[in-house]
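Visitor: Compute the structure for the input listed below.
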Amino acid sequence: MARDNPTQFILTAEGAAGSRLDVFLAQALPRFSRSALHRLIKAGEVRVNGTPAKASYKVEDGDRLELANLPPETEKAEDLVPTPMPLHILYEDTALIVINKPAGLIVHPGAGTRGKPTLVAAVLAHLGLQRADELPGEIDRPGVVHRLDKDTSGVIVLAKTASAHRHLAAQFKNKTNLREYVTLLNGAMDQEEIEIESYLYRDPRNRTRFASLSMEDYLLKQNEGVDLESYRYAKTHFSARKVYGRKLTLALVRLTTGRTHQIRVHAKALGWPVVGDVVYGPEVVRLPPTFPEPIRQAVEDVSRQLLHARRLGFEHPETGQKMAFEAPIPQDFRAVLELLEKHRDQ
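Guide: Numbers count the residues shown, from 1 in each chain. A predicted model of the protein is given here:
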């Protein structure tokens, strides 16, 4: 086994003929969790003899395996230590817990998170649990049925039991739940309602980012026989609530699907990236001189993407009751909106 760079492993299979690819990798790379390796395979980051391979591929002796986008260190399940911290709990019972996650808090361990606090570690401490496998789900994502980006605030639900996890995960997969966000966009929406659907895929120029492929281009590539297995369908609905100075838009966003970075990628694709999103937008949003200096400075000083999961609805996994939870816009986001209110377009 060799590492050509901090994000890549190269292995040559020996004595493993007939083993499934995912099983072989789990044995060859115990430093990485099985779920992390599965995600790499699904994302097309594992190549066998130069070609992306499925988890079910049967390894042959002499196969050259290349794994891209692996960090120097990845959190192991046994590294997930219960960490007490204040939690804004919106609801809790024996099946689940609903939390208003603050911006800046990582949901679960992952690439490059070693030593950093996570929401699941805080939940373990809150529940008095010592091990990650005491909660259902993937071992490095205990209880997690959906996620929010580190710098996205708002409502998130975690499952406490295996049956609750299965039921909630199915609702997210089948798109029967409600996910509603608010965001400030860097641009004036030219329509009150806009729906965008496309296929998201990892940007080959920057593997930490995602890119959007239009439906038309997806069909063209499909007809050309291009391998599109790692491309994921995504659909987002943007609704303009307020426009400020013909420059910024406060938008309500509803998700039909829930892909990684979906809102942020679709906002960029529409030409109005989320304010504060330095991955998909400019490092600094500069307002025109028509805005007073305090407002321009406040927007330039935004230190995280202004994206908030305002409302989450689902069916209770045990009672079947329809439930919905709402989290108020956090202070840093609200302070910017209050300054902008005087410049709201009529």
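Visitor: can you list the domains in this protein?
Guide: 2-68, 77-174, 181-343 (automatic domain parsing).
Visitor: mind checking how far residue 132 is from residue 29?
Guide: Separation of residue 132 from residue 29 (Cβ to Cβ, to the nearest Å): 19 Å. In short, each C-beta sits where N, CA and C put it, glycine included.
Visitor: And the two? Which one has more around it.
Guide: residue 132 (26 against 19; other Cβ atoms under 10 Å).
Visitor: what residues are up against that one?
Guide: 77, 80, 120, 124, 139-140, 142 (Cβ atoms under 8 Å, 6 or more residues apart in numbering).
Visitor: So which residues make contact with the longest strand seen in the chain?
Guide: Using DSSP state E to assign secondary structure, the strand with the most residues in the chain is strand 232-244. The contact list for strand 232-244 (Cβ under 8 Å, 6+ apart) reads 182, 185, 188-189, 191-201, 212, 249-257, 259, 262-263, 265-267, 270, 340, 343-345.
Visitor: pLDDT below threshold where in the chain?
Guide: Counting by pLDDT under 70, the chain contains low-confidence ranges at 1-9, 30-31, 33, 70-79, 111-114, 346.
Visitor: For residue 56, give its distance to residue 42.
Guide: Taken as Cβ to Cβ, the span from residue 56 to residue 42 is 12 Å.
Visitor: Can you pick out the residue with more neighbours from these two?
Guide: residue 42 (15 against 10).
Visitor: Please, where are all the helices along the stretch 51-200 of the chain?
Guide: 119-127, 162-174 (DSSP state H, counting those that start in this stretch).
Visitor: Spatially nearest residue to residue 153, not counting backbone neighbours?
Guide: Distance criterion Cβ to Cβ, 6 or more residues apart in numbering; nearest residue to residue 153, sequence neighbours excluded, is residue 103 at 4.3 Å.
Visitor: Let me see the contact set for the one you found.
Guide: Counted by Cβ under 8 Å, 6+ apart, residue 103 has contacts 150-153, 304, 330, 332.
Visitor: now the spatially most central residue of the chain, what's its secondary structure?
Guide: For the chain, the residue nearest the mean C-alpha position is residue 260 (3.7 Å; Cα atoms, centre = their mean). Under DSSP: H, G, I helix; E, B strand; the rest coil, the three-state class of residue 260 is coil.
Visitor: tell me the contacts of the closest residue to it other than its chain neighbours?
Guide: The shortest distance from residue 260 to any residue other than its chain neighbours is 6.3 Å, reached at residue 210 (Cβ to Cβ, 6+ apart). Residues near residue 210 by Cβ under 8 Å, 6+ apart: 200-203, 259-261, 265.
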